[in-house]
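**Q** Quick one: sequence and predicted model below, then my questions.
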Amino acid sequence: MRLRIVVAITGATGVLYGITLLKQLKKWM
């Protein structure tokens with residue numbers, strides 16, 4: 001049960017990090 005929560009948090013953080021990274025790339029282009 002706890003492992004599922006950790007996976008959910010990690011996934012959400014990864015998505016947010018990916019969106020931020022994409023915005024930065026667009027700004028540099």
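**A** Everything's here; your move.
**Q** What number of residues are in the vicinity of Ala12?
**A** Ala12: 10 surrounding residues under other CB atoms under 10 Å. All C-beta atoms are positioned from the backbone trio N, CA, C, and that covers glycine.
**Q** Likewise for Ile5?
**A** 9.
**Q** Now it. Its backbone dihedrals?
**A** Phi and psi for Ile5, reported as degrees, to the nearest 10, are phi -70, psi -40.
**Q** tell me, how many neighbours does Gln24 end up with?
**A** Quick note: Gln24 (other CB under 10 Å) scores 10 neighbours.
**Q** can you give me the offset of the helix or strand harbouring it from its chain's centre?
**A** Secondary structure assigned from DSSP states H and E places Gln24 in helix 2-28. With CA atoms, centre = their mean, to the nearest Å as the basis, helix 2-28 stands 0 Å off its chain's centre.
**Q** what is the mean pLDDT for it?
**A** For helix 2-28, the mean per-residue pLDDT is 95.
**Q** Distance of Val7 relative to Met1?
**A** 11 Å (CB to CB, to the nearest Å).
**Q** Thr13 now?
**A** Taking CB to CB, one finds Thr13 at 19 Å from Met1.
**Q** Gly14 too?
**A** Counting by CB to CB - Gly14 and Met1 are separated by 21 Å.
**Q** Comparing these two, which residue is more hemmed in?
**A** More neighbours surround Gly14 than the other of Gly14 and Met1, with 10 against 4 (other CB under 10 Å).
**Q** I'd like to know how far that one sits from Leu21.
**A** Distance from Gly14 to Leu21, by CB to CB: 10 Å.
**Q** cool, Val7 as well?
**A** Val7 is 21 Å from Leu21, by CB to CB.
**Q** And for Val6?
**A** Distance from Val6 to Leu21, by CB to CB: 22 Å.
**Q** And for Leu3?
**A** On the measure of CB to CB, Leu3 and Leu21 end up 26 Å apart.
**Q** Which one's more surrounded, the two?
**A** Taking other CB under 10 Å, Leu3 and Leu21 do not tie; Leu21 has more neighbours (10 against 7).
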